[in-house]
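[1] Turn this into a model:
(one chain, ligands or ions: 2)
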Amino acid sequence: MNDGQSGGTRGEPAGATPDEGCSLGGDPFDDALALVNGPGQPRVRPGAEAATVRTPYAARGSAAGEGGDAPYTAGVPYTAGDPGTPATRPRAAGDPYTPDDPFAPGDPFASDGPGVHGNRSGPTGPAGAEDAPSPPAPGPRSTPAAVPWHLARDIARRAVTEPPAPRTSALGAALGRTLAAPLTALTDLPSFDTSAMDGWAVAGPGPWRLDHPADTPEAGPPPGILAGHAATDVLLDGHAIAIATGARIPSGATAVLRSEHGEVRAPSGGGRRLYAPQPVPPGQDIRPRGQECRRGDQLLPAGALVTPAVLGLAAAAGYDELTAHPRPRAEVFVLGDELLDDGLPQEGLIRDALGPMLAPWLHALGVETPAARHLADDADTLYAALAESTADVVITTGGTASGPVDHVHPTLRRLGAEVLVDGVAVRPGHPMLLARLAPGRHLVGLPGNPLAAVSGLCTLAEPLLCALAARRPAPPYRVPLVAPVHGHPHDTRLVPVAYRDDERYGLTAAPLHFRGPAMLRGIAAADALAVVPPGGAKRGNGVELLELPWSAGWSAGWAPDAPTDWNASGER
Ligand SMILES: Nc1nc2c(c(=O)[nH]1)N[C@H]1C(S)=C(S)[C@@H](COP(=O)(O)OP(=O)(O)OC[C@H]3O[C@@H](n4cnc5c(N)ncnc54)[C@H](O)[C@@H]3O)O[C@H]1N2
Ligand code: MOO
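    Ligands and ions are numbered 1, 2, ... in the order given. Reported below is the predicted structural model:
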């Protein structure tokens, strides 16, 4: 593997590589932002005065710029017009591709032959492990043209021509999957006229003579009609009967009078009478049968994500099972002999940050995956692992560059894989790649630098897995930045941001520090990744956001070994 010391800033002009995160000139954001970014330890650049480390806003100027992006000056409004930037895809300046045009030049899925980034002439499946060709040597190779970021996502999404066939499962097992057919009501909802309140079902105008349900004793407080009870006798005009919320309305009833609005009196002539302070309009507090839906109505279209609310609706509408697309199955291979699974980094060895991160990240995306496997930096080991895997998607980390032990490209050639994306015009993460190992089986190669790996996960793996799950892509949305972000001259930049609720501007995104390719500190505090177009974004510009799968509190709901009995787990 390469030594990774450079932090992936090759090819950027001086002064445009600010994102290693340690802003030496002072915190460029306000105090709220400092909270999400962490106060940190005052850092002193060699030769700098300690007193210059934290610069008050008023005194900030070029000092903060040393850390990279221009400072956010508290109290200075940004252009309120910019946040309204229409929610359209930003296009790279000079981007020759129209992502929506399936026959755009360079599109590896175009019908008229190989695209500039693809290799359609190669065989489509891996050779068997037995007749494995010998490993080509890793090392420097010619650099292919990087695919524009939005096009790379489109290619990944469209690499899946058909999601795996749907399966029928018990309701709960469908959580996080995608409906394969519309959810159609199996019953009217409600399926009978229902009382919306505790009180009395009344027939006609009051006052009313109070009845007892046929099956209750005369003595004691009348329980009335309870939820779940069978139909009772017809309620005659001028009569009322106690009723509970959710109980079936007796035929003849015209309304429900809430318990707090009625008064029961026992006149001397015997019996009990119910009085209302004002007239009760017909239909009051009755939920009529079919109010929400009629049997056969479409409640949700095919392709809807099965959320907890969908499970509830399906159960209410009479379903015991759902037919949904299976969760994609992924396998993660972490490459690198320098990686430790535990303990402190030592003697040039570092902790594996990607194994612990990727499996739960994939779970949050609704993907089934076992714990990541750490493979030695050895071409044959990688070849065997890829040839034997049956996962829909194999994700490798590291080994994408052209260092002496970067085996991913040579192994893909040896497997006869079809490379669909070989490098993306995005920072960090530009050496990421996507290949088709066999029909319906893909490989996403994530670069080894940890934030570059996150970038590859969000750029290539997420759209691919989303398409495999037959899930519709989330519509892009934009939020204004509270501070400017330098752009790369040609490439898109993905920048960790935290949401802020700005009193004046509503929801805004605050760029976080510590966003260098080898750093996870920024993304660990982030709600989303901002998609900063080539050339950068100014304060107040609306930028497209890629939300992290847990930032809305939603995880697609699959976790291996989740304890089902908390008492037994001994952790509570
Ligand atoms: N000559 C060139 N060298 C490099 C280029 C380039 O364009 N030309 N690009 C750089 C960029 S950008 C990146 S990103 C990396 C990608 O390299 P690899 O995918 O081959 O990854 P490695 O060399 O294996 O590792 C890079 C770096 O990341 C550390 N690493 C790897 N795996 C993990 C892990 N699981 N947990 C924590 N850290 C990990 C590794 O130790 C290295 O420091 O290539 C550049 N080089
Ligand atoms: O910077 Mo590399 O971008 O770490 O892909």
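[2] I'd like the mean pLDDT over stretch 277-284, please.
    Per-residue pLDDT values over stretch 277-284 give a mean of 95.
[3] Counting neighbours, which bits of that stretch end up buried?
    By neighbour count, and taking 16 or more other C-beta atoms under 10 Å as the criterion, the buried residues in stretch 277-284 are Val280, Gln284. In short, each C-beta sits where N, CA and C put it, glycine included.
[4] next one: stretch 168-181
    Of the residues in stretch 168-181, Ser169, Leu171, Ala173, Ala174, Leu175, Gly176, Arg177, Thr178, Leu179, Ala180 count as buried by neighbour count, 16+ other C-beta under 10 Å.
[5] Look over the residues you listed and name the one with the lowest pLDDT score.
    The pLDDT minimum for the buried residues of stretch 168-181 sits at Gly176, where the score is 89.
[6] For ligand 2, give me its nearest residue in the stretch 401-550 of the chain.
    With C-beta to the nearest ligand atom, the shortest gap between the stretch 401-550 of the chain and ligand 2 falls at Pro517, namely 2.8 Å.
[7] From Val543, how far out is the residue of the stretch 151-300 of the chain found nearest ligand 2?
    Of the stretch 151-300 of the chain, the residue with the smallest distance to ligand 2, taken as C-beta to the nearest ligand atom, is Ala152 at 13.2 Å. Taking C-beta to C-beta, to the nearest Å as the measure, Ala152 falls 18 Å from Val543.
[8] thinking again about what came up before, is it true that the residue of the stretch 151-300 of the chain closest to ligand 2 touches Val421?
    Yes: using C-beta atoms under 8 Å, Ala152 is in contact with Val421, at 5.3 Å.
[9] intersection of neighbour lists for those two?
    Residues touching both Ala152 and Val421 (C-beta atoms under 8 Å, 6 or more residues apart in numbering): Leu434, Leu460.
[10] and this structure, what are its domains?
    167-188+292-325, 192-288 (automatic domain parsing).
[11] Quick check: which ranges of the chain have low pLDDT?
    Counting by pLDDT under 70, the low-confidence segments of the chain come to 1-144, 213-223, 552-572.
[12] Same question for the strand ranked longest in it: list its buried residues.
    For the chain, the strand reaching the highest residue count under DSSP state E is reported as strand 492-502. Of the residues in strand 492-502, those buried by neighbour count under the rule 16+ other C-beta under 10 Å are Thr492, Arg493, Leu494, Val495, Pro496, Val497, Ala498, Tyr499, Arg500.
[13] What helix or strand is Val394 located in?
    Under the criterion of DSSP states H and E, Val394 resides in strand 393-397.
[14] OK, contacts around the nearest residue to Glu263 once chain neighbours are set aside?
    Nearest non-adjacent residue to Glu263, counting by C-beta to C-beta, 6 or more residues apart in numbering: Tyr275, 4.8 Å away. Residues near Tyr275 by C-beta under 8 Å, 6+ apart: Gly206, Pro207, Gly262, Glu263, Val264, Arg265.
[15] same check, this time on Pro190
    Counting by C-beta under 8 Å, 6+ apart, Pro190 touches Arg287, Pro288, Arg289, Gly290, Gln291, Glu292.
[16] Filter the residues you listed down to the buried ones and hand me the ChimeraX line.
    For selection in ChimeraX, the members of the contacts of Pro190 meeting the burial criterion (16+ other C-beta under 10 Å) are listed in this command:
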select :287,289,290,292
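[17] if we can go back for a sec, spell out which strands sit alongside the strand holding Val394 in the sheet and which way each one runs.
    strand 330-335 (parallel), strand 441-446 (parallel) (DSSP bridges).
[18] which secondary structure elements does whichever helix or strand comes after the first one contact?
    Right, strand 330-335. Once strand 330-335 ends, the next helix or strand along the chain (criterion: DSSP H and E) is strand 339-340. Packed against strand 339-340, as judged by 3 or more C-beta pairs under 8 Å, 6 or more residues apart in numbering; DSSP states H and E, are the following elements: strand 350-351.
[19] Let me know how buried Val424 is, in neighbour terms.
    Neighbourhood size, Val424 [other C-beta atoms under 10 Å]: 29.
[20] for the one 10 residues further on, same thing?
    By other C-beta under 10 Å, the residues close to Leu434 number 29.
[21] so what's Leu322 up against?
    Leu322 makes contact with Thr168, Ser169, Leu171, Ala174, Arg177, Leu179, Leu183, Val306, Ala314 under the criterion C-beta under 8 Å, 6+ apart.
[22] Test my guess that the fifth one contacts Thr323.
    So that's Arg177. No: Arg177 is not in contact with Thr323 according to C-beta under 8 Å; the separation is 9.5 Å.
[23] still on that earlier bit, for the contacts of Leu322, name the two members farthest from one another.
    Longest distance between any two of the contacts of Leu322 is 14.3 Å, between Ser169 and Leu183; criterion C-beta to C-beta.
[24] circling back to that earlier point, what helix or strand is the residue of the stretch 401-550 of the chain closest to ligand 2 on?
    Under the assignment here (DSSP H and E), Pro517 is part of no helix and no strand.
[25] What is the burial count for it?
    Pro517 has 24 neighbouring residues, counting by other C-beta under 10 Å.
[26] measure it to ligand 1 for me?
    As defined by C-beta to the nearest ligand atom, to the nearest Å, Pro517 lies at a distance of 5 Å from ligand 1.
[27] Ramachandran coordinates for the residue nearest to Leu322 when sequence neighbours are not counted?
    If the residues on either side of it in the chain are set aside, Leu322 comes closest to Ala174, at 4.0 Å by C-beta to C-beta, 6+ apart. For Ala174, the backbone dihedrals are phi -90, psi 0 (criterion: degrees, to the nearest 10).
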